[in-house]
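*Asks:* need coordinates for the below:
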Amino acid sequence: MRYPLHVTTDMMKWQAKNKLQGRKRYPVVLMLEPLYTCNLACVGCTPERHSGDLKDRLTLSESLQAADDSGAPIVSICGGEPTIYPELPELVSQLIDRKRHVIICTNALLLERFFSKSQPHKRVTINVHLDGMRETHDFVCAREGVFDKAIEMIKLGKQLGYTVCTNTTVYKETQMEEIEQMFALLTTLGIDNMLVSPGYHYEKVQDDHFLFRQEIHQKFRRVLELSKKYRLGSTPLFLEFAAGEREYPCTPWGNVTRTPFGWKGPCYLIGEKYFKTWDEFWNGVDWNYWETRRDPRCQNCLMHSGFEASVTRTFPESTKDVVKMARWMFS
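*Replies:* A predicted model of the protein is given here:
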């Protein structure tokens, strides 16, 4: 299966429960950013994510409260760099006790520290960020040796028995031939799946590395082709969307985000406002507005955080899409 059976069944149970309760909107993934401290200053990263002070991190109880408040079956721990978070092993352990599936999104430089303090578990996935082969990835990370360390930790994670995947951001300069080369290398390492996301251009971004909509379509037409050969974690329906072959409304409430500043609204990428409590956040964001993608900051966005959730909530409406998703899931 594309994802472990217990992850798939828990997701189906969560969706069924919410539909039976008549809820139109409900989170699927909690993007938990317990800190903004990072050991890299990567291209495309916002300043707070590589200048945050460790003392400003969420406490363990605040992180767990976020998981309880959202109820999302999947908790993606990001940041900042989560392996810097002193309470990470205990946080992961307690999330497992709460029957959550935990994804640790890491640059892998300090991943060995986490491995030494924790044990593999079927509910834990290690997600290593990798934006290309050695020269490209080290350039994006603004430091030599990051690619080699990432590969080393992927190998170690697999040896220890963890589910290990990668997350790759495609930029304007990204050469798709290199992405295929990276996919081939990761396949030989026994990677469980590979997620690919577009680095999109929006109003406040001044960096030329980011993509406009048509540029995303062009690059993701190639990703869609590669998905027939390599084990990608992105659904075929999302990749068709990113390639410009179909349209979806956004689902900003599908991946909710808790940060040291509070609950981030409306979405993981746009921090228009931060809310102190879950209720203030959930009831204070104009979801109808953000679903329509009318805001200028949304015009080039084709991010999986907003649109994989759209795939999840709409594909059962089409028999053809149900069959396509079933074939993909069991491949």
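*Asks:* what are the phi and psi values at T259?
*Replies:* In terms of degrees, to the nearest 10, the main-chain angles of T259 are phi -130, psi 170.
*Asks:* let me fix that, I meant to ask about T166.
*Replies:* When quoted as degrees, to the nearest 10, the phi and psi of T166 stand at phi -130, psi 160.
*Asks:* my read: it touches V128, true?
*Replies:* Yes - counting by CB atoms under 8 Å, a contact exists between T166 and V128, whose distance comes to 5.2 Å. Every residue, glycine included, has its C-beta placed from N, CA and C.
*Asks:* list residues touching both of the two?
*Replies:* Residues touching both T166 and V128 (CB atoms under 8 Å, 6 or more residues apart in numbering): I154.
*Asks:* now do the SS call for I104.
*Replies:* strand (DSSP: H, G, I helix; E, B strand; the rest coil).
*Asks:* which residue, other than its chain neighbours, is closest to Q181?
*Replies:* Closest residue to Q181 apart from its sequence neighbours, by CB to CB, 6 or more residues apart in numbering: M133 at 6.0 Å.
*Asks:* now the one you found. Its backbone dihedrals?
*Replies:* Taking degrees, to the nearest 10, you get phi -80, psi -180 for the backbone angles of M133.
*Asks:* begin at 52 from here
*Replies:* New numbering, starting at 52: the last item is M184.
*Asks:* ok, Y136 - contacts?
*Replies:* For Y136, the contact set (CB under 8 Å, 6+ apart) comprises 85-86, 108, 128, 130, 142.
*Asks:* which residues of the stretch 102-251 of the chain score low on pLDDT?
*Replies:* By pLDDT under 70, the weakly predicted segments of the stretch 102-251 of the chain are 102, 251.
*Asks:* gap between the two ends of stretch 316-333?
*Replies:* 9 Å (CA to CA, to the nearest Å).
*Asks:* okay, buried residues for it please.
*Replies:* When burial is assessed from 16 or more other CB atoms under 10 Å, stretch 316-333 yields the following buried residues: 316-322, 325-326, 329, 332-333.
*Asks:* show me the two of these that sit farthest apart.
*Replies:* By the measure CB to CB, the buried residues of stretch 316-333 have their two most distant members at L320 and W329, which lie 19.7 Å apart.
*Asks:* please enumerate the strands of the stretch 252-382 of the chain.
*Replies:* Ranges of strands in the stretch 252-382 of the chain, per DSSP state E, counting those that start in this stretch, are 306-310, 313-317, 322-326.
*Asks:* picking that back up, would TSV of the contacts of Y136 with distance to V79 be doable?
*Replies:* Supplementary listing: the contacts of Y136 in TSV, determined by distance: CB to CB, whole Å:
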residue	distance to V79
P85	20
L86	23
R108	25
I128	16
G130	20
L142	20
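*Asks:* drop anything exposed from those.
*Replies:* For those, a neighbour count by 16+ other CB under 10 Å gives the buried set as 85-86, 108, 128, 130, 142.
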